[in-house]
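Chemist: Sequence plus the predicted model coming up.
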Amino acid sequence: MKLCFTYNRKNFLILLIVAIILLVISLFLFIIFPIIFSTLVEKNLVLSVGNGEYPSQAAFFWSKPPADTILYFYYFNVTNPDEILYYGEKPVVNEVGPYAVRETEQKREIRYQKNGEEVYYENYKRFIFDAEHSCERCQSDDLIVVPNALAMGAISSMIDPAYSCDDTCKLIIDLGLLLLGENAFSTVKFLEVTYTGYNDPFLTFAHSELFTALGNLFNNGTSIAPISIPEMERMAYFYQYNNSNDENYVVKTGKDDINNLGTVVQWANDGLLPNTWWKTIEARMINGSEAGGFSGPNLKKDTIIPFFQSFMCRSFYAVFKEESTVNGIPCYTFEVPAEAYDTTRDENAGFRYRNMEKVNYFTEWDPCPNFQMFFSKTIPKPGSVNCTEFIDCSKQKNFCDPCCTGNFVDETYLLPPGMFPLVCYPGRNKSAPFTAIYSAPHYYFAPEVTVNTLRGMSPPTEDHKPFAFDHEPNSGTITRVKYALMASVPIFQNQEATISMHLPNVIIPLFWIDSRTQLQDFMLDTLYNTFVVIPKAISITKYVTLVVAIICFAISFWCRFEKTAKESRKNSAKGPASRRHCSPDTSVNMEQGIAAGENLTTASAVESPTEQIITEEQ
């Protein structure tokens, strides 16, 4: 088969130029394009305003996130409140729900500062009950029996050193709760206890004109209550959270360093959380972006993503878990590890529950479970000896030291790993109006014995993981978020408060939230085209151009080689004849000889038949 075209210098140069162009394109796509693509991605991630003060595309979508968010509330309905209140029985709960609430958010009061390197904003949120995504029988006015967080908070104040509550103070609180008809449990409606608020006797009286008049009359115009009064006039876990903002933020725009994109500089006009919330500087630090909304581009599997969750009044961090896919987009899934919830660890000591009531809520939990099994024969049990040398028993490594007393640290009991206190009103720079404990749903990160303190709550499953973020790794864009938490209320026996004289010492779950967020389809399509279709097309193109370039080079040089070889063979064939030197006489003789030979051959041909006949006759 003929492989070469009609060779000439012009065709050779054309094919060679085509090969060079294709090779340059291929090398460009291999080496230069990834750099340009990454630079363009980073440039388009920066929060900024363009000509005419119009926001960039990134800033526009950041201010109005094109995402669908639904919160699924699951409440723990207490089915034996009287038995708990009067006989101290173990609580029995029935999980009801989900009650779906659709969330939307919009950032307002946006102001760029420091030459566009930082931006100030307020994040407003709106919550609407979504019957379509709720359970079939779930209604917004369903009645639920839950622990009375306000009443238990008032009882906790009786023993809070901050109030120095003497016997008279305690008597006033006890009588006040009785006269107002407060109970350890309340029957409330879902939407009211969650967002809109219900009329609580204590709050109603504390914000009444009568209460103000009594203060003016008997206490020189100040409150007659021996403890602080919550600012909210109605009781709800997220009262006035709807159609409001969770304090102001100042964050990095990514202009100076794209890896700092979204990093919170200030929250509520401060770079640290209040020292009345957490005990250590590490716990008070505001790390990363708001709620994990940003991470920076070019994520790796060893990347650690810090973030601040105002809803839970603290910072967290997420680590790589696995590769995943969202609508065909390859993603990295990052999750918050169990270590971030473990307040027995030294680095999380600042998040420990103060436990002013000095109650061991989980008697079956032992931080030294194997101590007696392995060491009892040679080492005394924790707390069984007197030690003269100082040992810091608040350190995790010393919990099981003979000179320490296990989970009894700093004159109170530690909570097991997997839980920490609510110290602020969710999303607000205000102290919590009631005592509550945060954890992963169904105590996902806590020891198994924690579920045994009550009946009716199933063991945790994978659905109860608290945080999971799916990031497109090249841009760091979040495509899907799963966020979950459980809030619980500690109830405890206190002989100085009538309504708690017979209560068991137990932490009762109130509810858990399963929040699901995913980008809308048009944004997912944009990400898919940008980070799947285009890279795939580029990948195919760079290999095709490289292969075609190599083929063109091969054909052009092969044909040139063939042409050269053919000419060489032709010249070799002509070589001997060109080297002969014949005289004119010799040429004439040769011509005469050839003619004579031809005549002889003809004569022989004529005679040969006669000779053949004679031979046959003989």
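Modeler: Sure, I can see it.
Chemist: which ones are touching the closest residue to Lys395 other than its chain neighbours?
Modeler: Once flanking residues are discounted, Lys395 sits nearest to Asp346: 5.8 Å by C-beta to C-beta, 6 or more residues apart in numbering. (Glycine included, C-beta is placed from N, CA and C.) Shown in contact with Asp346 (C-beta atoms under 8 Å, 6 or more residues apart in numbering): 395-397.
Chemist: Pro421 is in contact with Thr343, isn't it?
Modeler: No. If you go by C-beta atoms under 8 Å, Pro421 and Thr343 don't touch, sitting 9.1 Å apart.
Chemist: Residues in contact with both of the two, list them for me.
Modeler: Shared contacts of Pro421 and Thr343, defined by C-beta under 8 Å, 6+ apart, comprise 351, 353.
Chemist: now for the helix or strand containing Ile534, which elements pack on it?
Modeler: Taking DSSP states H and E as the criterion, Ile534 maps to helix 534-578. The contact analysis (3 or more C-beta pairs under 8 Å, 6 or more residues apart in numbering; DSSP states H and E) places helix 534-578 against helix 9-27, helix 33-45.
Chemist: Mean pLDDT, mean neighbour count and distance to Val489 added to those helices, as a markdown table?
Modeler: Output for those, formatted as a markdown table (pLDDT from 0 to 100; neighbours: other C-beta atoms under 10 Å; distance: least, C-beta to C-beta, whole Å):
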| stretch | mean pLDDT | mean neighbour count | distance to Val489 |
| --- | --- | --- | --- |
| helix 9-27 | 88 | 15 | 66 |
| helix 33-45 | 94 | 14 | 42 |
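Chemist: got these as JSON lines, with distance to Asp514 columns?
Modeler: Listed next are the helices and strands packed on helix 534-578 as JSON lines, based on distance: least, C-beta to C-beta, whole Å:
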{"stretch": "helix 9-27", "distance to Asp514": "49"}
{"stretch": "helix 33-45", "distance to Asp514": "29"}
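Chemist: so where do the helices sit in the chain?
Modeler: Ranges of helices within the chain are 9-27, 33-45, 57-63, 81-87, 149-157, 167-179, 190-191, 201-206, 209-218, 281-284, 371-375, 521-528, 534-578, 584-617, based on DSSP state H.
Chemist: Buried deepest among these, which one?
Modeler: Comparing these by mean neighbour count (mean count of other C-beta atoms under 10 Å), helix 149-157 ranks first with a mean of 23.
Chemist: Show the average pLDDT along that one.
Modeler: Averaged across helix 149-157, the pLDDT comes to 92.
Chemist: relative to helix 167-179, how tilted is it?
Modeler: Angle of helix 149-157 versus helix 167-179, following axes from the mean of the first three to the mean of the last three C-alpha atoms, to 10 degrees, is 160 degrees.
Chemist: C-alpha coordinates for helix 149-157, CSV please?
Modeler: C-alpha atoms of helix 149-157 as CSV (Å, rounded to 0.1, in the frame of the first residue of the first chain):
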residue,chain,number,x,y,z
ALA,A,149,-36.0,24.6,79.8
LEU,A,150,-36.8,27.9,81.4
ALA,A,151,-37.9,26.4,84.7
MET,A,152,-34.8,24.2,84.9
GLY,A,153,-32.7,27.2,84.0
ALA,A,154,-34.1,29.1,86.9
ILE,A,155,-33.4,26.2,89.2
SER,A,156,-29.8,26.1,87.9
SER,A,157,-29.5,29.8,88.7
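Chemist: Could you list every helix and strand in contact with that helix?
Modeler: Applying 3+ C-beta pairs under 8 Å, 6+ apart, one finds that helix 149-157 contacts helix 167-179, helix 201-206, strand 478-491.
Chemist: what's in contact with it?
Modeler: So helix 149-157 is contacted by 163, 165, 173, 176-177, 182-184, 200, 202-203, 227-228, 230, 235, 237, 356-357, 433-436, 489-491, 494, 497, 499-500, 510 (C-beta under 8 Å, 6+ apart).
Chemist: Make a ChimeraX selection of the buried ones in those.
Modeler: For the buried members of the contacts of helix 149-157, the matching ChimeraX selection, counting by 16 or more other C-beta atoms under 10 Å, is:
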select :163,165,173,176,177,182,183,184,200,202,203,227,230,235,237,357,433,434,435,436,489,490,491,494,497,499,500,510
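Chemist: Any idea which of the helices and strands packed on helix 534-578 gets closest to Gln518?
Modeler: For the helices and strands packed on helix 534-578, the distance to Gln518 is smallest for helix 33-45, at 19.8 Å, taking C-beta to C-beta.
Chemist: List the neighbours of the closest one that are in contact with it.
Modeler: The contact list for helix 33-45 (C-beta under 8 Å, 6+ apart) reads 56-58, 254, 258, 261, 297-298, 474-476, 535, 538, 542.
Chemist: re the thing from before, right, so of the helices and strands packed on helix 149-157, which gets closest to Ala67?
Modeler: Closest among the helices and strands packed on helix 149-157, once you apply C-beta to C-beta, is strand 478-491, at 8.3 Å.
Chemist: Partner strands of the closest one and their direction?
Modeler: Strand 478-491 has the following strand partners under DSSP bridges: strand 437-439 (antiparallel), strand 467-471 (antiparallel), strand 506-519 (antiparallel).
Chemist: JSON lines for the ones you listed, including mean pLDDT and distance to Phe445?
Modeler: Below are those laid out as JSON lines (pLDDT from 0 to 100; distance: least, C-beta to C-beta, whole Å):
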{"stretch": "strand 437-439", "mean pLDDT": "97", "distance to Phe445": "7"}
{"stretch": "strand 467-471", "mean pLDDT": "97", "distance to Phe445": "11"}
{"stretch": "strand 506-519", "mean pLDDT": "97", "distance to Phe445": "13"}
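Chemist: Make TSV out of these and add distance to Trp365.
Modeler: Shown next, in TSV, are the strands paired with strand 478-491 (distance: least, C-beta to C-beta, whole Å):
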stretch	distance to Trp365
strand 437-439	13
strand 467-471	24
strand 506-519	12
